[in-house]
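Engineer: Curious how this folds, go ahead:
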Amino acid sequence: MKKLYLLLPTLFISLNYVSAQYVNGIHIKDLPTNYIEIELKKFPITSKYKLIIDYGQKKDKRIVRTKDGKPMYFNSKIHAINFLTDMNYEYIDSYIENIETRSNVYFILKNNNKKRTN
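Structural biologist: Numbers count the residues shown, from 1 in each chain. Coordinates of the predicted model:
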């Protein structure tokens, strides 16, 4: 019984974390587009990544945030991609953009959440 009391709060916190990610005030599963482009920005001190999602919105509204507006951090690039596949996005392609002395990797994903209208 004690294990159940410990398991339920942990499960509730985990589900809350998974269901509360937003870009530009829109839940990730509800983005109004068929495809997204993602970029991950690494923080040298922490080795964590911020996830940047571009679906065509203004440039300053691209960071993935929690429900309370704080940026989300990921342990690695694959952690972020796995997170998005759990949100029903499908990996399509990736490419590298070289700008002067640095390279950025971008990933294209398909939004399988968007309802199709014919």
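Engineer: those helices in this protein, which residues are they?
Structural biologist: 2-18, 77-86 (DSSP state H).
Engineer: lowest-confidence stretch among those helices?
Structural biologist: Lowest mean pLDDT of those: helix 2-18, a mean of 45.
Engineer: so what's V23 up against?
Structural biologist: 31, 53, 55, 57, 61-65 (CB atoms under 8 Å, 6 or more residues apart in numbering). For the C-beta atoms, the positions are set from N, CA and C on the backbone; glycine is no exception.
Engineer: which residues does it bridge with?
Structural biologist: I26 (DSSP bridges).
Engineer: Quick check: pLDDT value at the closest residue to E37 other than its chain neighbours.
Structural biologist: Computed as CB to CB, 6 or more residues apart in numbering, the closest residue to E37 that is not its neighbour in sequence is D54, at 4.5 Å. D54 is assigned 93 on the pLDDT scale.
Engineer: Wait, D54 touches T33, no?
Structural biologist: No - in this structure D54 lies outside contact range of T33 using CB atoms under 8 Å: 9.6 Å.
Engineer: More neighbours: which of those two?
Structural biologist: D54 (17 against 13; other CB atoms under 10 Å).
Engineer: mind checking pLDDT for N111?
Structural biologist: Taking N111 on its own, its pLDDT is 95.
Engineer: residues touching it, list them.
Structural biologist: By CB under 8 Å, 6+ apart, the neighbours of N111 are 31, 33-36, 88-89.
Engineer: quick revisit: list the residues that contact the residue nearest to E37.
Structural biologist: 36-39, 62.
Engineer: With E90 instead?
Structural biologist: E90 touches 109-110, 112, counting by CB under 8 Å, 6+ apart.
Engineer: where's it relative to A80, distance?
Structural biologist: Separation of E90 from A80 (CB to CB, to the nearest Å): 15 Å.
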